[in-house]
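> Provided below for reference: sequence and predicted model.
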Amino acid sequence: QVQLVESGGGSVQAGGSLRLSCVASTYIGSRRMGWFRQAPGKEREKVANIDLDGNTYYSDSVKGRFTISKDNAKNTLYLQMNSLKPEDTAVYYCAACRSGGFCPANFDYWGQGTEVSVSS
């Protein structure tokens, strides 16, 4: 079992920045890691993920504004969010896949989430 603890959420005005962190209870270098979000009344959506080799994926809605990164030595995943918009308001979840290359679409392990609120 992998425990994930997110932090860094908060309230910010449009155009501002936040950096989310996710500390894992185990080594993250051998597994794909990702960020998801769920806005009120909407389905959960993928935001970004990063594979074992550091290759990254972003949803179109955040591409160019958000950056996913990780520090394997610290077992920590990050999401730098710049140029925030009101539509970025959501609960952001960190997720991890099982160790190795395979990763199901919904990942395997989830954090409790951290809230991000962006006002106009």
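Arrived safely.
> From now on I want contacts and neighbour counts done on CA atoms only, so please keep to that.
OK.
> where do the strands sit along this structure?
Here the chain has its strands, by DSSP state E, at 4-7, 10-13, 18-24, 33-38, 45-50, 56-58, 66-71, 76-81, 90-96, 109-110, 114-119.
> Tabulate those (a markdown table), appending distance to residue 102 and mean neighbour count.
Below are the strands of the chain laid out as a markdown table (distance: least, CA to CA, whole Å; neighbours: other CA atoms under 10 Å):
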| stretch | distance to residue 102 | mean neighbour count |
| --- | --- | --- |
| strand 4-7 | 19 | 20 |
| strand 10-13 | 33 | 15 |
| strand 18-24 | 19 | 21 |
| strand 33-38 | 12 | 24 |
| strand 45-50 | 13 | 20 |
| strand 56-58 | 16 | 17 |
| strand 66-71 | 19 | 19 |
| strand 76-81 | 19 | 21 |
| strand 90-96 | 11 | 25 |
| strand 109-110 | 13 | 18 |
| strand 114-119 | 26 | 19 |
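> Specify the beta-bridge partners of residue 12.
residue 118 (DSSP bridges).
> Where does the prediction get shaky in this protein?
101 (pLDDT under 70).
> For the most centrally placed residue in it, give me its contacts.
Centroid-nearest residue in the chain: residue 35, 2.3 Å away (criterion: CA atoms, centre = their mean). By CA atoms under 8 Å, 6 or more residues apart in numbering, the residues touching residue 35 are 46, 47, 48, 49, 79, 92, 93, 94, 95.
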